[in-house]
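# I'd like to go over a predicted model; first the sequence, then the structure.
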Amino acid sequence: MNFKELRKKIDKIDDEILNLLDKRMGIVKEIGQLKLKSNVAIYHPKREKEIIYRLIGQNKTNITQKGIEAIYQEIFATSRFLELPQRVAFLGPIGSFTHQVAVEKFGKLSEYISSNNIESIFKSVANGSVKYGVIPIENNSNGIVGESLDYLAKYDVKIVAEANLSIHHSFASNEKLISNIKKVFSKDIAFGQCRDFLNNYSLQNVELIPLDSTAKAAKTASITPNSAAICSNIAAKICNLPIMFENIEDSSENTTRFFIISDFKTNSTNNDKTSLCAFINNSDKPGTLAKLLYEFNKKNINLIKLESRPLHKNKGFSFWFYIEFEGHIDDCNIKEIFELKKNKLKWLGSYTKDKLKD
């Protein structure tokens, strides 16, 4: 079979795909109308994960798991846009890793609001100017983002999903030869994460210029002669900056976890986590925290994370605690904990566990 014949086959398949997508979107519109009448949230991470896992389970020959996820995330995003256009706030400039997570979750059709600080995202979700916010919560190398925890305690929002992102850096430049590069722009922490690459390519003596973000580094390198940027793939593509090398980080295990916050409660999936704030009187007294944790042990609840945060209410050293555990707020044993300690606990959200990605 020649090129022309094969391309005719592809054209025919594309026509079939488009007709099926059009039928799918028609059903989506009907579902959207029912959701609006019932005041049900448009974003339904449980249903989306069920669809993706079911399709991956079919073990197709010519399309990978990542391919299925990428295609269907765009289909979901288009579907949500038909049901109700989404506004999403994220931390950092366009091209940041937080922006990358937002686009992966909500697709290219959503309206994105760039925020310079974490609190502005919480304010936007709390006052209804955006439906969703995407915030970093922790990195497996650098630890917890304390600011995000503090605003979860302060604002009346809910965690509706989590997302794990493997942090990969690219080396991008308009220069054809690496020997022409005299300056490299990036966020300060990224230089340390890519030290081996810089040494291996004899770049340790070029001028390393730290900026506020890797996205800003890509933009700066795109207009600066004899320069390069250490940045994300998405930042390089947005700035039309050619990528010379990909995955240049020293460790392939670098992962950041993000929360998606909104104003609604998610349904149980039997594969959930729950987050809460615990405000304990006399938190500096021996055994105070242990008594609370013992209640989780009695109810057979598996704790995943425990972090202390300062109360900022007096000159002393008083703390509240962020607790994360397996299960959903609607589970009987978890309901019992909240009924027992209702004056001391603030529920922050229950959400489906996200798998660590390669």
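Received the coordinates, thanks.

# quick one, helices of the stretch 101-250 of the chain?
Taking DSSP state H, counting those that start in this stretch to define them, one finds helices in the stretch 101-250 of the chain at 118-126, 146-154, 188-193, 195-200, 214-222, 233-238.

# least reliable of these going by mean pLDDT?
Lowest mean pLDDT of the helices of the stretch 101-250 of the chain: helix 188-193, a mean of 87.

# got the helices of the stretch 101-250 of the chain as JSON lines, with mean neighbour count columns?
C-beta coordinates here come from the backbone N, C-alpha and C atoms, glycine included. Formatted as JSON lines, the helices of the stretch 101-250 of the chain follow (neighbours: other Cβ atoms under 10 Å):
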{"stretch": "helix 118-126", "mean neighbour count": "20"}
{"stretch": "helix 146-154", "mean neighbour count": "18"}
{"stretch": "helix 188-193", "mean neighbour count": "16"}
{"stretch": "helix 195-200", "mean neighbour count": "14"}
{"stretch": "helix 214-222", "mean neighbour count": "25"}
{"stretch": "helix 233-238", "mean neighbour count": "21"}
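
# With distance to E69 as new columns, can these be given to me in CSV?
Output for those, formatted as CSV (distance: least, Cβ to Cβ, whole Å):
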stretch, distance to E69
helix 118-126, 25
helix 146-154, 26
helix 188-193, 25
helix 195-200, 28
helix 214-222, 23
helix 233-238, 16
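
# Among those, which comes closest to T255?
helix 188-193 (12.2 Å; Cβ to Cβ).

# Now that closest one - C-alpha only, PDB.
The C-alpha trace of helix 188-193 is given here as PDB (Å, rounded to 0.1, in the frame of the first residue of the first chain):
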ATOM      1  CA  ASP A 188      18.100  29.200  41.700                       C
ATOM      2  CA  ILE A 189      17.100  25.700  42.800                       C
ATOM      3  CA  ALA A 190      17.100  24.400  39.300                       C
ATOM      4  CA  PHE A 191      20.800  25.100  38.900                       C
ATOM      5  CA  GLY A 192      21.500  22.800  41.800                       C
ATOM      6  CA  GLN A 193      19.200  20.100  40.500                       C
END
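
# Compute the number of surrounding residues for the nearest residue to F296 once chain neighbours are set aside.
The spatial neighbour of F296 that comes closest, neighbours along the chain excluded (Cβ to Cβ, 6 or more residues apart in numbering), is L303 at 5.8 Å. For L303, the count of nearby residues is 12 (other Cβ atoms under 10 Å).

# ok now do L303, which residues does it touch?
If you count contacts by Cβ atoms under 8 Å, 6 or more residues apart in numbering, L303 has them with 293, 296, 323-325.
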